[in-house]
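1. no letters, just coordinates:
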RNA sequence: GUGGCCGUAGCUCAAUCGGUUAGAGCACCAGGUUGUGGUCCUGGGGGUUGGGGGUUCAAGUCCCCUCGGUCACCCCA
């Protein structure tokens, strides 16, 4: 039996598990503060949900989906992205939900591909969606929430890139213009890229190949060909970001891999990650998807949101030399010695826990030394020792493990002292 | 999905030209110390050298396949 987890997945054991948990908590707290409510959608969906919305030429659909047939013959796919499921759920229940519907989620995504630093087959995302809001203020808020989370972790070395990729009115014309430009310059592209642009010309814009970049620099710019409503929307988003004090870099080559995106597209790119590995530097990306609801057969419902890769956020925290978030640890490890001491230690353990003080103890009878070692390993701040002497005198020996300072206190005061954190 | 590099103890690594019983540090466990952890001393457990096949008198070492890791590409989180 191979004990290693499947390729591209990982076990989050301490201390990684505590960091992820702390990150979840912080993201949830922040999202709630901005008026978002927690949602979950199934871990798998009908394959059609993704194939119909992500676009037939997208990488997700063509090579990254974990698709299987269940025993009833249904075609199902492990969720590769979070927006389409939330919008599906919204459309089914929209009459019961507020408008706009502001949702946040913390969940795992699955994409097949070669794993590498900051990229896994199973990864975790913090996502928010504002469904039913077409106003530029919604785009701005999404960016503000993501930025606030990164900043609360101490991250600074990243850049906010924004673009508008137009809508169903102006994008088709731009697409044709770009296509014509690319065809005219076909011989200047690398062999591998030459045949790809016919399917999705916008992709050439964010290709990293030198030849493509040179072409992209000369290519017609979408930002100069937006229809009036799209241009007004984009300008309002930029003004809103400025009002929020956020520096955003307009990046005309920023496009989105999924078909349903319209207008605003944004990405937060880490300089720290790029400097270490040249690898995946996008901390999170998102945008507006006014065409998604209709692609699902629903009415016109605008929306905007993002997905943030949490493993990548933790990598960036590490690379900027910051202290990662931590799950709060044990405050007290209760040590019991002898018949009477162990009986009293069990009472103390119950009282501490009931009083909201994170506390633990050994299950069976063990020597003092072993119990203190357990306390140390568990990361407890204090050992609360109840031996025969303490049991007889109604006291507890409180030992601060960091420096070994120990003091004998009345047992009735222990819970309050540890709860106050100043024992 | 394509390509490069790499797989030796839980971790980081060593092992001469292919040569005898694969070693060390850290970690872990026990004892030194029957009421004091984290320090120190002593001892101990721990390996199908990722897996399979091949070449050879002999393979951790060379060859092939496979699995995994890593990096780049594609693309994304």
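-> Structure's in. What do you need? Bear in mind the structure is a predicted one, so any value in this text is a computation, not a measurement.

2. what ranges do the helices span in the stretch 301-423 of chain A?
-> Using DSSP state H, counting those that start in this stretch, the helices of the stretch 301-423 of chain A run over residues A:310-319, A:338-354, A:368-377, A:388-393, A:414-420.

3. ok, is the shortest one in contact with RNA strand B or not?
-> Yes - Helix A:388-393 comes into contact with RNA strand B when judged by Cβ under 7 Å from any atom of the strand, the residues involved being A:388, A:389, A:390. C-beta coordinates here come from the backbone N, C-alpha and C atoms, glycine included.

4. just the third one next, same as before
-> Yes - counting by Cβ under 7 Å from any atom of the strand, RNA strand B is contacted by helix A:368-377 at A:368, A:369, A:370, A:372, A:373, A:375, A:376, A:377.

5. what subset of the residues of helix A:388-393 next to RNA strand B is buried?
-> Buried residues within the residues of helix A:388-393 next to RNA strand B, counting neighbours by 16 or more other Cβ atoms under 10 Å: residue A:390.

6. so which of the residues of helix A:388-393 next to RNA strand B comes closest to residue A:401?
-> Using Cβ to Cβ, residue A:390 comes nearest to residue A:401 of these, at 17.6 Å.

7. from residue A:373, how far off is that closest one?
-> 20 Å (Cβ to Cβ, to the nearest Å).

8. equivalent analysis for residue A:170, please.
-> Residue A:170 is 68 Å from residue A:373, by Cβ to Cβ.

9. these two: who's more crowded?
-> Shown here are residue A:170 and residue A:373; by other Cβ atoms under 10 Å, residue A:170 has more neighbours (21 against 12).

10. which positions within stretch A:317-336 qualify as buried?
-> Within stretch A:317-336, judged by 16+ other Cβ under 10 Å, the buried ones are A:317, A:319, A:320, A:324, A:325, A:331, A:332, A:333, A:334, A:335, A:336.

11. wait, the fifth one touches residue A:27, no?
-> No - checked against Cβ atoms under 8 Å, the pair residue A:325 and residue A:27 is beyond contact range at 10.0 Å.

12. what's the most buried one of the helices of the stretch 301-423 of chain A?
-> helix A:310-319 (a mean of 22; mean count of other Cβ atoms under 10 Å).

13. give me the three-state assignment for the residue nearest to residue A:324 when sequence neighbours are not counted.
-> Using Cβ to Cβ, 6 or more residues apart in numbering and skipping the chain neighbours, the partner closest in space to residue A:324 is residue A:19 (4.7 Å). Secondary structure state of residue A:19, per DSSP: H, G, I helix; E, B strand; the rest coil, is helix.

14. contact partners for residue A:267?
-> A:160, A:161, A:251, A:254, A:282, A:284, A:285 (Cβ atoms under 8 Å, 6 or more residues apart in numbering).

15. nearest to residue A:299 among the residues you listed?
-> residue A:285 (26.5 Å).

16. where along the stretch 101-250 of chain A do the strands fall?
-> Using DSSP state E, counting those that start in this stretch, the strands of the stretch 101-250 of chain A run over residues A:101-110, A:122-131, A:158-164, A:248-250.

17. need those in a markdown table with mean pLDDT, mean neighbour count and distance to RNA strand B, can you?
-> Formatted as a markdown table, the strands of the stretch 101-250 of chain A follow (pLDDT from 0 to 100; neighbours: other Cβ atoms under 10 Å; distance: least, Cβ to the nearest atom of the strand, whole Å):
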| stretch | mean pLDDT | mean neighbour count | distance to RNA strand B |
| --- | --- | --- | --- |
| strand A:101-110 | 96 | 21 | 7 |
| strand A:122-131 | 96 | 24 | 4 |
| strand A:158-164 | 93 | 21 | 11 |
| strand A:248-250 | 93 | 15 | 16 |
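
18. quick one: which of the residues of helix A:388-393 next to RNA strand B is nearest RNA strand B?
-> The closest of those to RNA strand B turns out to be residue A:389 (Cβ to the nearest atom of the strand; 3.4 Å).
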